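Novice: How does the following fold in three dimensions:
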Amino acid sequence: MPLQEETIRLGVCYYPEQWEESLWEDDYRRMRELGFTVIRVAEFAWAYMEPEEGVFRFDLFDRALDAAHRHGLQVILGTPTATPPAWLTHRYPEVLNVNMEGIPYRHGMRRHYNYNSQVYRRLCARITRNMAERFKDHPAVVGWQIDNELNCEINVFYSDADHVAFREWLENKYGSLDTLNQVWGTVFWSQTYTAWEQVHLSRPTPTNSPNPHQTLDEKRFISDSVIGFARVQADILREVVGQQHWITTNGLFGHIDNHRLTEELLDFFSYDSYPQFSSINPDEGPDPLLDRMWSWHLSGVRSISPNYAIMEQQSGPGGWVNKFAMPAPKPGQMRLWTYQSIAHGADMLLYFRWRTATFGTEIYWHGINDYHNQPNRRVHEAGRIGQELLRVGERLAQSRYEADIAIVSDYDNSWDGEFDAWHGPLSAQSTRAWFKTLQREHIAVDSFTLTNRTTLAKLQGYRVLVYPHPTILTEAVALLLRSYVEAGGIVLFGARTGYKNEHGHTRMMPLPGFAASLCGITVEDFTIITGNASAPALRWVEDNDEDQPFAATADEFNDILRVESNSVKVIAKYASDYYAGKPALTVNEQGKGRAYYYGAAYNEAVVRKLLPELGLRKTAEDIVRVPVEVELAVRRHPETGESFVFALNYSGQAVNVQLQRGSVDVLTGNALEGEIELEPYGVLVLV
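Specialist: So this is what the prediction gives:
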């Protein structure tokens, strides 16, 4: 479900409870001067709004919202349930989350609660209802954010309430202990359960190796717990405010089916974008993309809501007093990251935060304004962006990112791969290799999450699907992918495809399971590449040079393939190790399309070699040609048909771009032609 705004909205996160009231009017006035039209407030203010149990105090926010409205600012209210007050956790310690060893997390930070405490759900429902009743008719309020960054900081839960809820969840899912024992394979190591009270979430074991089928179910349970917790608040908001305000939540964190969360509870999904995390956690492998890698995360958000909001866009240096230390954005980078988010589907964007906090854990998580509250270069940069969006925002809003290829994932394989070292690391490498290569080849790509609600029509929105390592592959999904291929689509698999069922059991059938007939091959042997072992070299068959293997290796894992159909063509063979000469990469024509199987994890060299086979066009190649440092993206409006070409320079150096025809940069209104220079961290939006 997409965000539907009439223009690109710009705003900022603001915390009136943290500042002297004498600052508000000047703050709001300056926000409007920068072109901001929306603020987010209150997501951490529970202790102020309910200082004692059952005693509510909203006067400060009454005045803050009234002042915002006087200045023409609209307001997003956050329910404050990410930060329970001290009185609550002291009086009701059962609401606290607990680690696997049984030690509770104490008051003093945030997100230290568990989702399944009925006491906590009741108290969250009460503060949500009181807020909704208080502000439902306030003319400044346009929307609600449920909680803040669900499953951030920690995404596993082991409180007593969670153990009880897990048993109830399992009983509802499987109906009987006999079925549970079968699904979890508990006959192994005498783990069989004979009473429900024997069943717990994973607890410490001698080797910290719990039942793998149980761990998969635990991730599903956590996701359902999050959705159930959010549903309590969403239902109250729908009841009290109806359709006059929209509902969202923010952040893309683990162990949540965010697609289902959005489909069932929200109007659209929102994200918090901090590209400078790449300065301390760069993507692995050679030549990291750094802040440009954030385009991949934004693609994941776009798979949930084609148009979405950024509730927190990085605007300054980042870090807490005891962890993280991210440098300041260089001149132009805040603007670059803003248009990176917009290029990938953001139609509303709020900077974090208006002014850097002068106390608390986040005194080093800088906002647009510094402590001194005087103009600085980030303020001027924000003003430039605000003026640009006044020019083009209405034309851009509701346009959609365009791509002909998608990298496919699904929740079950992602969750199973967290625990299973025989396939989890493969997906991370292959996804990274495909995205980085496509970025540098200027071929737009989507992230696509396959669910049990995915239709053939959805898949047919893409010419090519890369589904690198779907270890869990049901017969229904295999049939859906066959239909996609037979209708003309191209699908690419990688090693370890199809050998597990939905419970994580390995199948007693030739690998790659239900994908075997689609690909026309089986796996006759396999080996993981670990320790000091070297990944074998590859030889591309068409190169016809037995003595000169292609300069790439078959990484991480090797499926040795056996051709089972005359329609299969061997593209590459292993060039070393005991399986030298055996097929490593094949393609099989089925109907109007074809299916590729690669017996390893993809790397950038292999992806680059494969790309010419796929017939994908470079993004906007008829409009502009750019060097490798520049990302290209296109947004097209579904009604007007107008397209916008974004050119984003992630380099600290000026680069030259070559226009293929006369164009206009809508951010400036300047007509452009021929070769032009794009400034360091510069942005063009061409029509």
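
Novice: and N116, how far is that from I103?
Specialist: 18 Å (Cβ to Cβ, to the nearest Å). Where C-beta positions appear, they are placed from N, C-alpha and C, glycine not excepted.

Novice: Tell me which of these two has more neighbours.
Specialist: Counted by other Cβ atoms under 10 Å, N116 and I103 do not tie: N116 has more neighbours, with 24 against 10.

Novice: sec struct for the more buried one, please.
Specialist: coil (DSSP: H, G, I helix; E, B strand; the rest coil).

Novice: Surely it is in contact with Y158?
Specialist: No - applying Cβ atoms under 8 Å, one finds N116 not in contact with Y158, separated by 10.7 Å.

Novice: Any idea how far the helix or strand containing R395 is from the middle of the chain?
Specialist: Using DSSP states H and E, R395 sits in helix 377-396. Taking Cα atoms, centre = their mean, to the nearest Å, the mean C-alpha location of helix 377-396 is offset from the chain mean by 26 Å.

Novice: what comes up buried for it?
Specialist: Residues of helix 377-396 classed as buried by neighbour count (16 or more other Cβ atoms under 10 Å): 378-379, 381-386, 388-389, 392-393, 395-396.

Novice: again with stretch 415-428
Specialist: Neighbour-count burial for stretch 415-428 flags W415, D416, G417, F419, D420, H423, G424, P425, L426, S427, A428 (criterion: 16+ other Cβ under 10 Å).

Novice: Among those residues, which ones are in helices?
Specialist: In helices, defined here by DSSP state H, the members of the buried residues of stretch 415-428 are W415, D416, G417, F419, G424, P425, L426, S427, A428.

Novice: Tell me the confidence at N544?
Specialist: You'll see N544 listed with a pLDDT of 66.

Novice: no no, D547
Specialist: 60.

Novice: And the one 5 residues further on, by the same measure?
Specialist: A552 carries a pLDDT value of 91.

Novice: okay, and the helix or strand of this structure with the least pLDDT?
Specialist: strand 550-553 (a mean of 84; mean pLDDT, DSSP states H and E).

Novice: what are the ranges of the helices in the stretch 551-687 of the chain?
Specialist: Taking DSSP state H, counting those that start in this stretch, the helices of the stretch 551-687 of the chain run over residues 604-614.

Novice: My error: substitute the stretch 301-450 of the chain in the last question.
Specialist: Using DSSP H, counting those that start in this stretch, helices in the stretch 301-450 of the chain cover 333-343, 377-396, 411-419, 424-440.

Novice: quick one: low-confidence ranges for the stretch 401-550 of the chain?
Specialist: Scanning the stretch 401-550 of the chain for pLDDT under 70 picks out 544-549.

Novice: which other residues reach the host helix or strand of L298?
Specialist: Element membership of L298, judged by DSSP H and E, is helix 294-302. The contact list for helix 294-302, computed with Cβ atoms under 8 Å, 6 or more residues apart in numbering, reads 252, 269-271, 273-275, 278, 308, 337, 340-341, 343-346, 401, 431, 435, 439, 445-447, 449, 631, 633.

Novice: ok, 7 Å please
Specialist: By Cβ atoms under 7 Å, 6 or more residues apart in numbering, the residues outside helix 294-302 that reach it are 252, 269, 271, 273, 275, 308, 340-341, 344-345, 401, 435, 439, 446-447, 631.

Novice: try stretch 118-134
Specialist: 46, 49-50, 56, 58, 77, 79-81, 88, 92, 94-95, 113-114, 229, 232-233, 236-237, 240-241.

Novice: can you check stretch 394-408 too?
Specialist: With contact meaning Cβ under 7 Å, 6+ apart, stretch 394-408 is reached by 4-8, 302, 306-307, 344-345, 347, 431, 434-435, 438, 443-448, 450, 462-467, 616, 633-638, 642, 644.

Novice: Just the terminal-to-terminal distance for that stretch.
Specialist: Taking Cα to Cα, to the nearest Å, stretch 394-408 runs 32 Å from one end to the other.

Novice: residues of that stretch that come out buried?
Specialist: Applying a neighbour-count criterion of 16+ other Cβ under 10 Å, one finds R395, L396, A397, Q398, S399, Y401, A403, D404, I405, A406, I407, V408 buried in stretch 394-408.

Novice: closest to G72 among the residues you listed?
Specialist: Distance to G72, by Cβ to Cβ, is smallest for A397 among these, at 18.6 Å.

Novice: The closest one and P306, how far apart?
Specialist: Here A397 is placed at a distance of 12 Å from P306 (Cβ to Cβ).

Novice: do W415 as well
Specialist: Per Cβ to Cβ, W415 is found 25 Å from P306.

Novice: cool, and A671?
Specialist: A671 sits 31 Å away from P306, taking Cβ to Cβ as the criterion.

Novice: Q182 now?
Specialist: 41 Å.

Novice: who's more crowded, these two?
Specialist: When Q182 and P306 are compared on other Cβ under 10 Å, the one with more neighbours turns out to be P306, at 19 against 15.

Novice: what's the neighbour count on the nearest residue to the more buried one once chain neighbours are set aside?
Specialist: Distance criterion Cβ to Cβ, 6 or more residues apart in numbering; nearest residue to P306, sequence neighbours excluded, is P2 at 4.6 Å. Neighbours of P2 under the rule other Cβ under 10 Å: 17.

Novice: where do the strands sit along the stretch 401-550 of the chain?
Specialist: For the stretch 401-550 of the chain, the strands defined by DSSP state E, counting those that start in this stretch occupy 405-409, 445-449, 464-466, 490-493, 521-528, 537-540, 550-553.

Novice: Tell me which of these lies nearest to P327.
Specialist: Ranking the strands of the stretch 401-550 of the chain by proximity to P327 (Cβ to Cβ) places strand 445-449 first, at 27.8 Å.

Novice: which helices and strands sit right next to the closest one?
Specialist: Under the contact criterion of 3 or more Cβ pairs under 7 Å, 6 or more residues apart in numbering; DSSP states H and E, strand 445-449 touches helix 294-302, strand 405-409.

Novice: In TSV, list the ones you listed along with distance to P286.
Specialist: What follows is these, written out as TSV (distance: least, Cβ to Cβ, whole Å):
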stretch	distance to P286
helix 294-302	17
strand 405-409	19
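
Novice: Of the ones you listed, give the one that comes closest to P206.
Specialist: Across those, P206 has its closest neighbour in strand 405-409 (33.1 Å, Cβ to Cβ).

Novice: Describe which strands the closest one pairs with in its sheet and in which direction.
Specialist: With DSSP bridges as the test, strand 405-409 is paired with strand 445-449 (parallel), strand 464-466 (parallel).

Novice: which one of those strands has the most crowded surroundings?
Specialist: Comparing those by mean neighbour count (mean count of other Cβ atoms under 10 Å), strand 464-466 ranks first with a mean of 24.

Novice: Next, the residues that contact it from outside, please.
Specialist: Strand 464-466 is contacted by residues 404-408, 434, 459, 489-492, 614, 616 when judged by Cβ under 7 Å, 6+ apart.

Novice: Q198: which of these is nearest?
Specialist: V408 (38.4 Å).

Novice: Check the gap between that closest one and T497 for me.
Specialist: From V408 to T497 the distance is 12 Å (Cβ to Cβ).

Novice: F268 now?
Specialist: Counting by Cβ to Cβ, the gap from F268 to T497 is 33 Å.

Novice: what about the longest helix in this protein?
Specialist: Assignment by DSSP H gives helix 212-241 as the longest helix of the chain.

Novice: where are the low-confidence patches of this structure?
Specialist: For the chain, the stretches flagged by pLDDT under 70 are 544-549.

Novice: Can you tell me the centre-most residue of it?
Specialist: G300 (4.1 Å; Cα atoms, centre = their mean).

Novice: mind saving the C-alpha coords of the helix holding L298 as CSV?
Specialist: Extracted as CSV, the C-alpha positions of helix 294-302 are listed here (Å, rounded to 0.1, in the frame of the first residue of the first chain):
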residue,chain,number,x,y,z
TRP,A,294,21.4,2.4,1.3
SER,A,295,19.6,2.3,-2.1
TRP,A,296,19.3,-1.5,-1.5
HIS,A,297,17.6,-0.9,1.9
LEU,A,298,15.3,1.6,0.4
SER,A,299,14.4,-0.9,-2.3
GLY,A,300,13.3,-3.3,0.5
VAL,A,301,11.0,-0.6,1.8
ARG,A,302,9.6,0.0,-1.7
